[in-house]
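Novice: structure of the sequence below:
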Amino acid sequence: MIRKGANAVKKVRIAGVLLFIALTLGMLAGCGKSEEEVQIIRIAFNQPETHPEYKALADFGEKLKEATNGKYVVEIYPNAVLGDQGAVTEMVRTGAIQLAVVPVSVPEGYNGDFAIIAAPYLYDNLEQMETAAREGVFDPLFETTNKYNFEIVTLYTSGARHIYTDKPIVTPEDLKGYKIRVQDSDAYIQMINLMGGVGIPMAQSEVYAAVQQHVIEGGENSEVVYNNFKHYEVSPYFCYTNHLVMTDVLVASEKFLDGMDEETRAIFDKLIKESMEVEFEEWDKAIEDANAVLEGEGVTFVEADIKAFQEQCAPLLESIANRSEVTRQIYDDVMAIKEREGKSE
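Specialist: Presented below is the predicted three-dimensional model:
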């Protein structure tokens, strides 16, 4: 069913090392009160201030400052000014910065079991992932990173992903031969191949020009990214394949966390979990805002045959689910959420 609804941007990056040196010098210049009375929590973030995750972090910062009588002050560094996500994770591990928001693929580099959190067609909708997060389904997996000197303290959503291109994609046959941009992940390349297309790893900033030049036929992402990068100008059909529900995680330095007293850590944990709910709400608003723009731009929204794509990707999902006892338990827990959801309808 088709519903008729109504550039690529390059991010300016500042050398993270130079900026961090400047920050450190500034902190040392104000030693004394800065060190003993106020602790700065620096958070690395690769998106702009308008992003739902930034808003959730800013809200967390305000609440933490109030709850600790100004002892802890949060400073967020957006637009990847401290470096790319791999680099800032290393800064967290060494304690050079306290927190960083990174995609779940980053801890997957330390423990392959993390692939289950954003496995193709694990969820039927975004709400199922959010329920799993609220119920602590991923917590046993999060605990496995401590040996790498970082801890995952919460999870944020970066939305359900769908395919967009120059024609309606309803079945796997429609996608046959179409080159679709994906993240540089073997699992996601395989996913698009199973869905009928050809997965092409590429930087998000290159997609617009690549479609224009017919290097690829389209991409896959949320309505928010599709709108922000104006991909609707070159790929006017947004097809609800719902193949992924993506997540980001907030990683924290073990050194930083261990330095908190018991009372402060309890406050921190409570507020950081609350920030997840704030981010979920802000994401829903961002989707509504993006859809309003896309409808005005004349985008054609297409309802895909999701079941057909699910069946194609079932072997990949099963292989990820069966990697370990942890991944199988997460898979089973999500299936239980689905069953519960079905009975309540």
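Novice: where in this structure is pLDDT low?
Specialist: Applying pLDDT under 70 to the chain picks out residues 1-36, 345.
Novice: do a quick rundown of the strands in it.
Specialist: With DSSP state E as the criterion, the chain has strands at 2-4, 39-44, 72-77, 99-103, 150-165, 179-182, 198-201, 219-221, 237-253, 300-303.
Novice: okay, the ones you listed, which one's buried deepest?
Specialist: strand 219-221 (a mean of 26; mean count of other Cβ atoms under 10 Å). To be clear about C-beta, it is placed using only N, CA and C from the backbone, and glycine gets the same treatment.
Novice: which strands border that strand, and is each parallel or antiparallel?
Specialist: Paired with strand 219-221 in the same sheet, following DSSP bridges, are strand 150-165 (antiparallel).
Novice: run a quick neighbour tally on I287.
Specialist: I287: 18 surrounding residues under other Cβ atoms under 10 Å.
Novice: before we move on, the earlier item: can I get the strands of the chain in a markdown table with distance to Q310?
Specialist: Listed next are the strands of the chain as a markdown table, based on distance: least, Cβ to Cβ, whole Å:
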| stretch | distance to Q310 |
| --- | --- |
| strand 2-4 | 20 |
| strand 39-44 | 36 |
| strand 72-77 | 38 |
| strand 99-103 | 23 |
| strand 150-165 | 14 |
| strand 179-182 | 17 |
| strand 198-201 | 17 |
| strand 219-221 | 15 |
| strand 237-253 | 9 |
| strand 300-303 | 14 |
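Novice: figure out which of the ones you listed is closest to W283.
Specialist: The closest of the strands of the chain to W283 is strand 150-165. By Cβ to Cβ, the value is 5.4 Å.
Novice: one step back: between the strands of the chain, which one is closest to T327.
Specialist: Of all the strands of the chain, it is strand 237-253 that lies closest to T327, at 15.0 Å by Cβ to Cβ.
Novice: picking that back up, among the strands of the chain, which is nearest A292?
Specialist: Closest to A292 of the strands of the chain is strand 300-303 (Cβ to Cβ; 12.7 Å).
Novice: just checking, what packs against that closest one?
Specialist: In terms of contacts (3 or more Cβ pairs under 8 Å, 6 or more residues apart in numbering; DSSP states H and E), strand 300-303 is packed against strand 2-4, strand 237-253.
Novice: distance check, N149 against G109.
Specialist: N149 sits 14 Å away from G109, going by Cβ to Cβ, to the nearest Å.
Novice: I figured G196 hits A308, correct?
Specialist: No: in this structure, G196 is not within contact of A308 by Cβ atoms under 8 Å, at 9.2 Å.
Novice: who touches both of those two?
Specialist: In the contact map built from Cβ atoms under 8 Å, 6 or more residues apart in numbering, the residues linked to both G196 and A308 are T171, P172.
Novice: quick one on the thing from earlier: to E325, which of the strands of the chain lies closest?
Specialist: Closest of the strands of the chain to E325 is strand 150-165, at 19.0 Å (criterion: Cβ to Cβ).
Novice: tilt between the closest one and strand 237-253?
Specialist: Counting by axes from the mean of the first three to the mean of the last three Cα atoms, to 10 degrees, strand 150-165 points 170 degrees away from the direction of strand 237-253.
Novice: may I have strand 150-165 as PDB, with CA atoms only?
Specialist: The C-alpha coordinates for strand 150-165 follow below in PDB (Å, rounded to 0.1, in the frame of the first residue of the first chain):
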ATOM      1  CA  PHE A 150      34.200   1.200  30.700                       C
ATOM      2  CA  GLU A 151      30.600   0.600  31.700                       C
ATOM      3  CA  ILE A 152      27.400   1.100  29.700                       C
ATOM      4  CA  VAL A 153      25.100   3.200  31.900                       C
ATOM      5  CA  THR A 154      22.100   3.600  29.700                       C
ATOM      6  CA  LEU A 155      20.700   3.100  26.200                       C
ATOM      7  CA  TYR A 156      19.100   5.600  23.700                       C
ATOM      8  CA  THR A 157      17.200   4.900  20.600                       C
ATOM      9  CA  SER A 158      18.200   6.200  17.200                       C
ATOM     10  CA  GLY A 159      15.000   4.900  15.600                       C
ATOM     11  CA  ALA A 160      13.600   2.200  13.300                       C
ATOM     12  CA  ARG A 161      15.300   2.100   9.900                       C
ATOM     13  CA  HIS A 162      13.600   1.800   6.500                       C
ATOM     14  CA  ILE A 163      14.800   1.800   2.900                       C
ATOM     15  CA  TYR A 164      14.400   4.800   0.600                       C
ATOM     16  CA  THR A 165      15.100   4.900  -3.100                       C
END
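Novice: give me the buried positions along the biggest helix by length in the chain.
Specialist: Secondary structure of the chain per DSSP state H: the longest helix is helix 262-296. Buried residues in helix 262-296, counted by 16 or more other Cβ atoms under 10 Å: 264, 267-268, 271-272, 275-276, 278-280, 282-283, 286-287, 290-291, 293-294.
Novice: report all helices and strands that that helix contacts.
Specialist: Applying 3+ Cβ pairs under 8 Å, 6+ apart, one finds that helix 262-296 contacts helix 52-67, helix 126-134, strand 150-165, helix 223-228.
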